[in-house]
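> Mind folding the following:
(3 chains)
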Amino acid sequence: MKKILIASTALVATAGFAAAEVSFSGEAGFGVVYNDTAVNEWAPDYYTTLSVSMTGETDGGLSFGADFDITMDNGATAVGDTEVHIEGGFGKLTVGAVGSAVDATLGLGDIGYSGLGVDNVAEFMIDLNDAGNIMYKGSFGDFGVALSYDMNGAETFSIAATYAMGDYNFGLGYDDMVDGSSTIVVKAGGNFGDIALNGLYSRNSDNDATAYGVHAAYTMGAATISAAYSELTVGAASVDAFGLGVAYDLGGGASVNAGIGENMFGATVADLGIIMTF
Amino acid sequence: MKKILIASTALVATAGFAAAEVSFSGEAGFGVVYNDTAVNEWAPDYYTTLSVSMTGETDGGLSFGADFDITMDNGATAVGDTEVHIEGGFGKLTVGAVGSAVDATLGLGDIGYSGLGVDNVAEFMIDLNDAGNIMYKGSFGDFGVALSYDMNGAETFSIAATYAMGDYNFGLGYDDMVDGSSTIVVKAGGNFGDIALNGLYSRNSDNDATAYGVHAAYTMGAATISAAYSELTVGAASVDAFGLGVAYDLGGGASVNAGIGENMFGATVADLGIIMTF
Amino acid sequence: MKKILIASTALVATAGFAAAEVSFSGEAGFGVVYNDTAVNEWAPDYYTTLSVSMTGETDGGLSFGADFDITMDNGATAVGDTEVHIEGGFGKLTVGAVGSAVDATLGLGDIGYSGLGVDNVAEFMIDLNDAGNIMYKGSFGDFGVALSYDMNGAETFSIAATYAMGDYNFGLGYDDMVDGSSTIVVKAGGNFGDIALNGLYSRNSDNDATAYGVHAAYTMGAATISAAYSELTVGAASVDAFGLGVAYDLGGGASVNAGIGENMFGATVADLGIIMTF
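Below you'll find the model as predicted:
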């Protein structure tokens, strides 16, 4: 008799979770970051992120929700990345700190514990235009599309289309930049057994700027070794960056990550740290 | 055997919830707000609120707890509205961001998605005195009483009494204002089938100021249509505001809300948005 | 059939909790604080703390996690005390707002609702050196050791060793101070039936400074009466503080606390408040 009562209580709780809930996840990490041009070459690094997700569903089957993060990055705290969305058969409409469609959809993987900035060279023009406060994302079979618009001041927009075909993925993006110029972005990637290869290319003809990058990752059991090279050319000037990294999956959501490389300023950079997900 | 173990675990969890817990709820919304006197007539709007509630109960049956909100309103974040309380047969004593007894007890409903400011005209003097950091609330059968006091600087107090009689409700309030004057507030309301009518009147003789407002709401299934009119008179000067709104309940905690009206500055205002509760 | 399904759901939830989770606890309080030298002798006081804990475990049995608090202290809010740690058979390594090893390990209990500052006199030099952003804690049978280091600027370190023997505890600490001097700390305590006695002594020869304090607590059922005396001597100058407090456990995590004493500035201080834990 008592047991039935308990089971009913659990049922109510379960039903409640499915209907409308506030849930939490998180990430944290600590390690050391090296830069041979910094005053203190070796610097400690630590951060935490608590992600809050509020979700619900209307009687008509429309999903709705809101998300935000409470973050601490080496002592500096913030409540941010707040978004509110509705989602249905038509796709997902999000308002808030959404960034740009191209930045949210097309990019290269990081190297090491802190990223080392290698992908940032390839994503230089994408990052420049990473602004927006409303975004639509839709998927049609293997095709995906994302559109973002910045209503505050800049009034720039960004469009990205993706296509997945088995182990291969392709992407095409268009960024309407703040300075009135436009950037075309092309991405292609594929998984070849234990090896994942990704390439990103972007071109802004108005400013005679070209950026590209390649990223390769090889997974052996719990370890993943990755290498990346990026180059940015504006007119006659050119900078590049490259790096080599390793991630070792400890299980349970934790991994040890290390990397070494040279960033776009010619500095030798390296890092080593543990990344935890909750 | 295993099943019994699981059921026992659930029992422990359930008992834990009843004893002392931290729980969460939330609200979020996005939409557009129109004001024909604004530089940008149509402005996007979005917000999120995570409400944290910590509750417990002493062995003697005294409830205690604390509440606060983590909010984001169009990009501005805050941790606020923090309160700590104890509650028992004597009533509820709350310390913190409690506002005034009259504001917490006597007021009119909002119109549309963002409120449009129609009720604010009727609540003008109440809002002026909405300060306090300690509040007592008690209920005696159909009667309720609330007292608040502002210990920091202003040292104003506020008293409200309410009486509920079936479908009807009545309220009487007294506000000791910062300028040494006092305001008397009277509220009356009733439900007549699908129609809810509420009226609010306040008078500050010392400043020859009178404010009043009426609010009517008609519910048809999932839709609620509401209309409101408010007027504020100070000496020979007078301003008014009015509005018409509709709310459509989508179920699961979400509703679509729209409103149109004229605010106290003579501007035409309108809004449309979705409000989500979690 | 249905019941079995529910029980299985509960099992999954239980397993999830054990693996990697975000959990919450809290504390809150309100009361009044008296100081006969303050402009407003009686001041209201209230605070809330929400503690967020994220924990996980690697496949190899290494525990990892991160913690932080969202606090409100008389209206001032903060996100702080953020730490990230790993823990295993080797001990616990924590990065972040860890303070000093001596402060984290060796100290005296508070008096009353807000502490009244009696223990702060005995802990004066310890508090001066309470800085650090990396700490190691290990235990070896009845022995414990803590080491902390401040990597940012100060580069001071702190070491503490503890030994527990049944009802008795002993501690020894060494603080490398910012001004180049060093402080030795000795602590001893014991439980004698319902009475707990603790003493703390610290000496900084470089500055000819000595601080000590004693704390006694007597528990009678739900009530605990405590008394403390502390003295700080620097060269020929000397200040002392003393206090008497009572805490009454209401059960369910709440207690009423009161204290009266004289602080190091010669002011008579007192307080009365309720402390709630969630």
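
> how close does the residue nearest in space to the middle of chain A sit to residue A:160?
Among the residues of chain A, residue A:104 comes closest to the average C-alpha position under Cα atoms, centre = their mean, at 6.5 Å. Per Cβ to Cβ, to the nearest Å, residue A:104 is found 7 Å from residue A:160. Every C-beta, even on glycine, is put in place using the N, C-alpha and C of the backbone.

> Overlap in contacts, these two.
Common contact partners of residue A:104 and residue A:160 (Cβ atoms under 8 Å, 6 or more residues apart in numbering or on different chains): residue A:146.

> how about low-confidence regions in chain A?
A:1-19 (pLDDT under 70).

> list the contacts for the residue in it positioned nearest to chain B?
Per Cβ to the nearest Cβ, residue A:59 is where chain A lies closest to chain B, at 3.0 Å. When contacts are counted by Cβ under 8 Å, 6+ apart, residue A:59 touches B:250-252.

> what helix or strand is residue A:127 on?
helix A:124-128 (DSSP states H and E).

> where exactly do the helices run in the stretch 1-150 of chain A?
A:2-19, A:101-105, A:118-122, A:124-128 (DSSP state H, counting those that start in this stretch).

> burial measure for residue A:225, as a count.
Residues near residue A:225, counting by other Cβ atoms under 10 Å in any protein chain shown, number 15.

> Please report how far it lies from chain C.
Separation of residue A:225 from chain C (Cβ to the nearest Cβ, to the nearest Å) stands at 20 Å.

> what do you get for residue A:124?
From residue A:124 over to chain C (counting by Cβ to the nearest Cβ), the distance is 31 Å.

> Hmm, residue A:211 and that residue touching each other?
Yes: the pair residue A:124 / residue A:211 is scored as a contact, 5.0 Å apart, by Cβ atoms under 8 Å.

> So those two - more neighbours on which side?
More crowded of residue A:124 and residue A:211, by other Cβ under 10 Å: residue A:211, with 25 against 22.

> Name the nearest residue to the more buried one, ignoring sequence neighbours.
residue A:232 (4.4 Å; Cβ to Cβ, 6 or more residues apart in numbering or on different chains).

> Kindly tell me how buried that neighbour is, as a neighbour count.
Going by other Cβ under 10 Å, the residues that sit close to residue A:232 add up to 22.

> can you pull the contacts of residue A:45?
Residue A:45 touches A:29-33, A:74, A:113-114, A:271, A:273, counting by Cβ under 8 Å, 6+ apart.

> Kindly indicate which of the residues you listed lies nearest residue A:173.
residue A:114 (25.6 Å; Cβ to Cβ).

> Surely residue A:234 is in contact with residue A:209?
Yes: counting by Cβ under 8 Å, residue A:209 is a contact partner of residue A:234 at 4.5 Å.

> who has more neighbours, those two?
The neighbour comparison of residue A:234 against residue A:209 (other Cβ under 10 Å) goes to residue A:209, with 19 against 15.

> how about the residues of the stretch 51-200 of chain A near chain C?
Contact residues (Cβ under 8 Å from any Cβ of the partner chain) of the stretch 51-200 of chain A with chain C: A:70, A:72, A:75, A:77, A:79.

> hmm, 10 Å instead?
Contact residues, the stretch 51-200 of chain A versus chain C (Cβ under 10 Å from any Cβ of the partner chain): A:51-52, A:70-79.

> how about the strands in the stretch 101-250 of chain A?
A:134-140, A:143-149, A:157-165, A:168-176, A:182-192, A:195-204, A:209-220, A:223-234, A:237-251 (DSSP state E, counting those that start in this stretch).

> and the end-to-end length of stretch A:113-128?
Distance across stretch A:113-128, first residue to last, is 23 Å (Cα to Cα, to the nearest Å).

> what's the closest of the contacts of residue A:59 to residue C:195?
Closest approach between those and residue C:195, by Cβ to Cβ: residue B:252, at 58.2 Å.

> what's the overlap in contacts for residue A:124 and residue A:211?
Common neighbours of residue A:124 and residue A:211, using Cβ atoms under 10 Å, 6 or more residues apart in numbering or on different chains, are A:183, A:202, A:204, A:230-232, A:234, A:239.

> List buried members of the contacts of residue A:59 by neighbour count.
Buried by 16 or more other Cβ atoms under 10 Å in any protein chain shown: B:250, B:252, out of the contacts of residue A:59.

> can you list the contacts of residue A:59 in a markdown table and add distance to residue A:197?
Below are the contacts of residue A:59 laid out as a markdown table (distance: Cβ to Cβ, whole Å):
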| residue | distance to residue A:197 |
| --- | --- |
| B:250 | 45 |
| B:251 | 47 |
| B:252 | 43 |
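
> Tell me the one of the contacts of residue A:59 nearest residue A:196?
residue B:252 (39.3 Å).

> measure the closest one to chain A for me?
For residue B:252, the distance to chain A - Cβ to the nearest Cβ - is 5 Å.

> my guess is that residue meets residue A:61, correct?
Yes: between residue B:252 and residue A:61 there is a contact at 9.4 Å, judged by Cβ atoms under 10 Å.

> Buried members of the residues of the stretch 51-200 of chain A next to chain C into ChimeraX, please.
Here is the ChimeraX command that picks out the buried ones among these, judged by 16+ other Cβ under 10 Å:
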select /A:51,52,70,71,72,77,79
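
> how far away is the residue of chain A closest to chain B from residue A:225?
Residue A:59 sits 50 Å away from residue A:225, going by Cβ to Cβ.

> And residue A:202, by the same measure?
Taken as Cβ to Cβ, the span from residue A:202 to residue A:225 is 26 Å.

> before we move on, what about residue A:55?
37 Å.

> now do residue A:96
Residue A:96 is 37 Å from residue A:225, by Cβ to Cβ.

> Please apply the same query to residue A:63.
Residue A:63 is 38 Å from residue A:225, by Cβ to Cβ.

> just the residues of the stretch 151-278 of chain A that are near chain B, which are they?
Counting by Cβ under 10 Å from any Cβ, the stretch 151-278 of chain A sits next to chain B at A:151-152.

> ok and the residue in the stretch 151-278 of chain A nearest chain C?
Closest point on the stretch 151-278 of chain A to chain C, by Cβ to the nearest Cβ, is residue A:251, at 3.0 Å.

> about what we covered before: redo the strands of the stretch 101-250 of chain A as a markdown table? Include distance to residue B:91.
Output for those, formatted as a markdown table (distance: least, Cβ to Cβ, whole Å):
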| stretch | distance to residue B:91 |
| --- | --- |
| strand A:134-140 | 47 |
| strand A:143-149 | 51 |
| strand A:157-165 | 56 |
| strand A:168-176 | 60 |
| strand A:182-192 | 63 |
| strand A:195-204 | 64 |
| strand A:209-220 | 63 |
| strand A:223-234 | 61 |
| strand A:237-251 | 53 |
